[in-house]
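> missing the sequence, but the structure's below:
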Ligand SMILES: O=C(O)C(=O)CO
C-alpha cells in the first residue's frame, strides 16, 4: 500500500463517519462538501473523466464515479475505454447504471498518423469496420451511445475534393456496421495551430458537409469548443448552422485547455444557448485542471457551477 492509497482510505473512512453524522453521502463528506445546494444535479450533463478528481476520490475508478455523482455530475467519458479489460468495462458500466449516470464518448479511432480515411485505401476500410464491431461490444458493456472518430491526416499528394469523397466513402462503410447497432460515431474537428497540425478535419462546416453526405444517424459531429475557438471562433453561429448534425460537445477554455473561466470563451453564454436550444446530450470536460491537488479539483467543480445554465 503506498502513501496515496493510505491517505485515500483514511480520508474516506473519516468522511464516512462525518457524513453519517451529517446525513450526507460518504464521498461528498470526505471532500468537505456539506452544502446541498452546491451538489444538486447540473442542468447540463457535464462529463468528467478518470483522474480529474483523483485527489478527492482516490485511484479507484468506481470511487471516482461516486464522487462525481455526489457532486451532481450525471455523465462521464473515458477516451481510453477500449483499452481497458472486459472486467473493468463491465464494472464501470454497472457503476454508471447504479449511479444513474450516462456514459459519454470513448475513442473508437483517433488516427493522428495516417491518411487512411482520405486516400482511398480499401483495406483500411475493412480494418475500420472491424474496429467498429469491437467498439459496439465495448459500448454495450459500458452503456455508450457515442464514440469519437478522428479521421486522420490529409494527403498532400491528393486533390482536396478527392480526399473529401474518399472520406465520405470510408465513413459510409463504418456506418454500415454502426447504424444497425444504434451507435453513433462523432467526428471531431481538431485545431491545427496548437495541438494537431496536419489533420484533415478541422472545421465545423467541413464536418457538416461530411455528415450531410454520409446521411446516417451513425455519423454526426463532436463540436469541441476548445478546438473550434482556436480554429475559427464564431462558436454560436457555427453551432446554429450545423445544429442538425451536432450530437456531442466537448469543452476546454483557451488558451491553456483548462476548465471554463480560465480563458477567453464566454461559456456561460454558450451553455445558456445550448439550454435554450433544448440540447439534451453530453458535454465532455476534455481538459486539464488549471490548478493541482484537492483545491484544483474543487476549482473545476466551482467553475462548472458558475457557468451551468440553471
Ligand atoms: O486529442 C485531442 O486533442 C482531442 O480532442 C481528441 O479527442
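Done, it's in. Nothing here was measured: the structure is a model prediction, and the numbers come from that model. Numbering: from 1, shown residues only.
> So which bits of the stretch 1-150 of the chain are right by the ligand?
Counting by CB under 6 Å from any ligand atom, the stretch 1-150 of the chain comes close to the ligand at 110, 148. All C-beta spots, glycine's among them, are computed from the backbone N, C-alpha and C.
> just so I have it, where are all the helices in the stretch 1-150 of the chain?
Secondary structure of the stretch 1-150 of the chain (DSSP state H, counting those that start in this stretch): helices at 3-22, 26-30, 54-57, 61-70, 86-99, 122-142.
> mean pLDDT for these: which is lowest?
Of all these, mean pLDDT reaches its minimum on helix 3-22 (a mean of 29).
> Show me what the nearest residue to residue 222 once chain neighbours are set aside is bridged to.
Spatially, and ignoring its direct neighbours in sequence, residue 222 is nearest to residue 186 (3.6 Å; CB to CB, 6 or more residues apart in numbering). Listed beta-bridge partners, residue 186: residue 148, residue 220 (assigned using DSSP bridges).
> Can you give me the neighbour number for residue 186?
29 (other CB atoms under 10 Å).
> what's the spacing between it and the ligand?
Distance, residue 186 to the ligand, by CB to the nearest ligand atom, to the nearest Å: 10 Å.
> ditto for residue 231
Residue 231 sits 12 Å away from the ligand, going by CB to the nearest ligand atom.
> Looking at that residue now. What's its pLDDT?
pLDDT recorded at residue 231 is 98.
> Need phi/psi at it.
phi -70, psi -50 (degrees, to the nearest 10).
> can you pull the contacts of it?
Under the criterion of CB atoms under 8 Å, 6 or more residues apart in numbering, the neighbours of residue 231 are 189, 191, 192, 193, 202, 203.
> and what of residue 274?
The contact partners of residue 274, by CB under 8 Å, 6+ apart, come to 44, 239, 249, 283, 309.
> Export those to a markdown table and append columns for secondary structure.
Listed next are the contacts of residue 274 as a markdown table, based on DSSP: H, G, I helix; E, B strand; the rest coil:
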| residue | secondary structure |
| --- | --- |
| 44 | coil |
| 239 | helix |
| 249 | strand |
| 283 | strand |
| 309 | coil |
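> Tell me how many other residues crowd the nearest residue to residue 132 once chain neighbours are set aside.
By the measure of CB to CB, 6+ apart, the closest residue to residue 132 outside its immediate chain neighbours is residue 177, 4.0 Å from it. Residues near residue 177, counting by other CB under 10 Å, number 19.
> Would you double-check that residue 177 falls in a helix?
Yes. Judged by three-state DSSP, residue 177 forms part of a helix.
> OK, contacts around it?
129, 132, 133, 136.
> quick one: which of those residues is most hemmed in?
That'd be residue 132 among those, by other CB under 10 Å, with 24 neighbours.
> Pull the contacting residues for it.
Neighbour list for residue 132: 108, 174, 177, 178, 183, 185 [criterion: CB under 8 Å, 6+ apart].
> I figured the second one hits residue 129, correct?
Yes. Between residue 174 and residue 129 there is a contact under CB atoms under 8 Å: 6.3 Å.
> before we move on, the earlier item: let's see if you can find the most crowded of the contacts of residue 132.
Highest neighbour count within the contacts of residue 132: residue 185, with 29 neighbours (other CB under 10 Å).
> just checking, that one touches residue 221?
No. Assessed by CB under 8 Å, residue 185 is found out of contact with residue 221, at 10.2 Å.
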